[in-house]
Structures are given as C-alpha cells and as structure tokens.
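Colleague: requesting a structural model of the entry that follows:
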Amino acid sequence: MAAKSKKRLKVRLESEAGTGYRYYAMRSTSAEYKIKKKKFDPWATHPETGKRGAHVMFVEKKMPPSKKN
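Modeller: Numbers count the residues shown, from 1 in each chain. Model prediction:
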C-alpha cells in the first residue's frame, strides 16, 4: 500500500476573549500563515448588551500532544 501524503493539518482555534472555548479546523500544510477567523463564542460576553454569546476572533494555536497508552 502506498504511503499517504499529508496535505492537510488539523489545528485548534482558540478564542481571543479568553473563555477557553475552541474550534478545530483543517488547513493546508504548505500555507505559511496562521488561521484567524471570526466565529461565535457562546461563553463570551457581548460588549453592548452584556449578554452571553458573541462573535469574537479565534486564532490558531498549537495542538496538544496525543495521548499514547
């Protein structure tokens, strides 16, 4: 069986609001940039209304090492 070439990389997107909420996404391994997206964070507080849930910026962080048993 031929070796599978990895062209996509799984990355973690973490909220800039500091809530600890995260998304997971895939990006190209050849890309020389880090992903930065505006997404919904249900734990963040909206600045105008004061209610929970707001759209905030999410930035790419390093994935934690996988657990090996």
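
Colleague: what strand or helix carries the residue nearest the centre of the chain?
Modeller: Taking C-alpha atoms, centre = their mean, the centroid of the chain lies closest to Leu13, which sits 1.1 Å from it. Per DSSP states H and E, Leu13 falls inside strand 8-15.

Colleague: contact partners of that strand?
Modeller: 20-29, 35, 37, 39, 41, 43-44, 56-64 (C-beta atoms under 8 Å, 6 or more residues apart in numbering). Glycine gets a C-beta too; all of them are placed from N, C-alpha and C.

Colleague: mind redoing it with 6 Å?
Modeller: Outside strand 8-15, the residues within contact range by C-beta atoms under 6 Å, 6 or more residues apart in numbering are 21-27, 29, 41, 56, 58, 60-61, 63.

Colleague: list buried residues within the residues you listed.
Modeller: Buried subset of the contacts of strand 8-15 (neighbour count, 16 or more other C-beta atoms under 10 Å): Tyr21, Asp41, Val56, Phe58, Glu60.

Colleague: confidence score at the nearest residue to the fourth one once chain neighbours are set aside?
Modeller: Distance criterion C-beta to C-beta, 6 or more residues apart in numbering; nearest residue to Phe58, sequence neighbours excluded, is Leu13 at 4.0 Å. Listed pLDDT for Leu13 reads 96.

Colleague: Leu13 and Ala25, how far apart?
Modeller: Leu13 is 6 Å from Ala25, where distance means C-beta to C-beta, to the nearest Å.

Colleague: same question for Thr45.
Modeller: For Thr45, the distance to Ala25 - C-beta to C-beta - is 24 Å.
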